[in-house]
Structure formats: C-alpha cells, structure tokens
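> Just a sequence and a predicted model for now, questions to come.
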Amino acid sequence: MKKTLIISLAFWLIGLVVGYIAIVGPVDLVQATDSDTASTTVIIGNATPTITVNTITSPVTLTENSTVTAFATSTVADNNGCDDIESVTAVFFDDNAANNDCAADGQNCYPVASTTCTATVGSCTGGSDTEEQYTCSVSVLHYTNGGTAPDWRWYLSAGDGDATGTQTSNEVTIADLLALDVTEPAIDYSTLSLGATSTQATTTAKNTGNHNDLSVGIQESIDFACTLGTISSSQQHYATTSGFSYGDGTALAATSSSPTQLDTAIAQGSDGSTTPSQPIYWLLVVPNGVSGTCNGQNYFEAQNNT
C-alpha cells in the first residue's frame, strides 16, 4: 500500500514538473553574463606647418623721399587643420648685404617688426580645411639698396605654437632711384647796385633717392628777366666751399649746354632721421644796363657720380 502510494506520488510530481515546463518553458540553468566599458584615448602628434610663397612684388619702384608698399602672398598648410595656424611673420632683406636674421636697416633689412602679415578673410573654413592664405607687406624707404640685379628676398615663417615652417622667396628687383630735392625755394640775392657783388647765398641739395655718391648737375633754366634788360645766368658763380670769392667759383652753364657736374658726391641715406645733403654757395655780380626786379631760374639734376 505504501509502495503504491509512493509511486503514485512520484508520478504526480513528475506530471506536475512536466506540466510546468510545458507552461513556462525550459528553465535556463546558465548564469547571466556581466558587462563593463573601457574608455579610448589617443594623442595626435603636431604637424609642422608648411608655407609656400605664391607671388611677390617685383620690381619695386621707389618713390622720391617717400615709401612704397611691397607685397608677398603665400599659402600656409597645417595637416592638423588651418585653425591650428597661429601666425605668419616675414623678413624682407637684401641678399647681397644681409640675411633673414638681420637687424633693422632701411638700406638692406626690414625685419619682422617692420613687416605685417595678415590672413585672407574666409580662406580658412575650419574643420578638415588645412590651408589658409596670407599676405605680407612692408613699406620700402626711398634710400633702400637698389641695382640692376634682383638682390632682395622675402623670408616667410608660419608657426602653430609648437613648430615653424619657412620658405625664402625668389629674388626681388629694386631699381636705382636718382633723385634730389633743393631745400630752398629761391636764391635771393637781395638788393644790389650796378656792378656790385652779392653776399653769399646758399642752396641745399638733398639725396632723396637710393643712389650712393649722388652728384648734382647745375645749369641755367631761365635767364634773369628784369623790369628793364636781362641778366645772363652766367653772372652767377657757385662753389661747394663757403666763403669763396667771385671768379674762383664756377659760372652757371647756359641752357644750351649740358649741366655742369659738381665735384662732390652725396651719400645714400641710412636712417629716417637725416637726409644726406650738399650745400652749394652762390654769388652774383650785376652788370650795367638793367634795372628793377629781376627773376630767373636755375636747374638742378640728380646724376651718377662719374
């Protein structure tokens, strides 16, 4: 009896388990999988910018006693992105007299402090854009070294704060500028009697170009036209020595002849504070046959010192 009861109970339990499995499905006896995360990191190495000079102003044509602007355009590339570019600087120098590490000298060097480099607005769009356009400029003085050969160069540097790329441009020509300026607007011999010799008058010829050892050619431009009569300009004598006596100087050449070259030379400018110059002294003897107010004109010409 007991045995039968036990067997019946076992079958009942088996039936109960089978029924449960049929209802809820098989029991998963594998333990649930755990999970975790790992962060990722990488350090991007710096790419050195590269700079390419595109265009340069050449020749540079100087302006008497003033400045002109010379330009250099360039493309700067940085593979970290154009937003990584921090600055572009420039040196403009005479390759025959200086180098890209030169100190400021209006004759042969315009260093970083003398030049201006600016990015072209909109040339860097950010993101994956790696290039930006720049223009560098410098105000070139009238006494800057010149010559027939192209001697000047641009040295451009592009930096991103960690590294610098550089390039030197092709040669730039700056032409000779033969130029002078006579400071005094007139030679005033004041009031003189017939046959009298004037007191000494002075004119000052300044070298307002870039030619070294500039000479001055002088001749008549217009004779003295008086209220009555005419005074030949050859009545004027000149010299480069103060206190000379009339007859010891040089008589002013007539318009029909070539200008007479002074036996002297005016140096090339070297800084902006002083313009090299040469004083020229004048005397006039008044001939008979004239009266009233007399007005003429003298001609001064910048020349090579030959």
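The structure has been received and is ready for your questions.
> domain ranges for this structure?
50-168, 180-304 (automatic domain parsing).
> Output the ones you listed as CSV; include the columns mean pLDDT, mean neighbour count and distance to residue 38.
No exception for glycine: its C-beta is placed from N, CA and C like everyone else's. Putting the domains of the chain into CSV (pLDDT from 0 to 100; neighbours: other C-beta atoms under 10 Å; distance: least, C-beta to C-beta, whole Å) gives the following:
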stretch, mean pLDDT, mean neighbour count, distance to residue 38
domain 50-168, 95, 18, 27
domain 180-304, 94, 16, 66
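> Residue 39: which of the ones you listed is closest?
Closest approach to residue 39 among the domains of the chain is made by domain 50-168 (22.9 Å; C-beta to C-beta).
> start to end distance for the closest one?
The separation between the terminal residues of domain 50-168, taken as C-alpha to C-alpha, to the nearest Å, is 12 Å.
> Then stretch 79-90?
From its first residue to its last, stretch 79-90 covers 22 Å (C-alpha to C-alpha).
> chain center to stretch 160-175: distance?
Relative to its chain's centre, stretch 160-175 lies at 12 Å (C-alpha atoms, centre = their mean, to the nearest Å).
> coming back round to it: reformat the domains of the chain as JSON lines; add distance to residue 43.
Shown next, in JSON lines, are those (distance: least, C-beta to C-beta, whole Å):
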{"stretch": "domain 50-168", "distance to residue 43": "12"}
{"stretch": "domain 180-304", "distance to residue 43": "50"}
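> And the helices in the protein, which stretches?
For the chain, applying DSSP state H gives helices covering 2-24.
> circling back: nearest to residue 36 among the domains of the chain would be which one?
Among those, domain 50-168 comes nearest to residue 36, with 33.5 Å by C-beta to C-beta.
> Run through who's touching stretch 247-254.
Applying C-beta atoms under 8 Å, 6 or more residues apart in numbering, the external contacts of stretch 247-254 come out as 218-220, 232-239, 259-260, 281, 283, 298.
> Now find how far off-centre that stretch is within its chain.
Averaging C-alpha coordinates over stretch 247-254 and over its chain gives two centres that are 44 Å apart (C-alpha atoms, centre = their mean).
> Now do the contacts for residue 299.
Residue 299 makes contact with 218, 219, 220, 221, 255, 259 under the criterion C-beta under 8 Å, 6+ apart.
> Between those, which sits nearest residue 147?
Set against residue 147, the nearest of the contacts of residue 299 by C-beta to C-beta is residue 259 (24.3 Å).
> which residue packs closest to residue 53, ignoring adjacent ones?
residue 169 (4.3 Å; C-beta to C-beta, 6 or more residues apart in numbering).
> picking that back up, can you check which of the domains of the chain gets nearest to residue 37?
domain 50-168 (28.9 Å).
> what separates the closest one from the chain centre, distance-wise?
8 Å.
> cool, and stretch 295-305?
For stretch 295-305, the distance to the chain centre is 32 Å (C-alpha atoms, centre = their mean).
> Next: stretch 36-45.
For stretch 36-45, the distance to the chain centre is 48 Å (C-alpha atoms, centre = their mean).
> mean confidence score for that stretch?
Mean pLDDT, stretch 36-45: 92.
> Which residues does it contact?
Outside stretch 36-45, the residues that touch it by C-beta under 8 Å, 6+ apart are residue 80.
> 10 Å instead?
79, 80, 162 (C-beta atoms under 10 Å, 6 or more residues apart in numbering).
> how about the closest residue to residue 290 other than its chain neighbours, what does it touch?
The shortest distance from residue 290 to any non-neighbouring residue, by C-beta to C-beta, 6+ apart, is to residue 229 (3.7 Å). By C-beta under 10 Å, 6+ apart, the contact set of residue 229 is 287, 288, 289, 290, 291, 292, 294.
> Out of those residues, which is nearest to residue 88?
Taking C-beta to C-beta as the measure, residue 88 sits nearest to residue 294 out of those, at 61.9 Å.
> Quickly note the distance from that closest one to residue 194.
Distance, residue 294 to residue 194, using C-beta to C-beta, to the nearest Å: 12 Å.
> Return every residue with contacts to both of these two.
residue 286.
> so who does residue 303 touch?
Contact analysis of residue 303 by C-beta under 10 Å, 6+ apart lists 178, 180, 211, 214, 215, 216, 217, 218, 259, 261, 262, 265.
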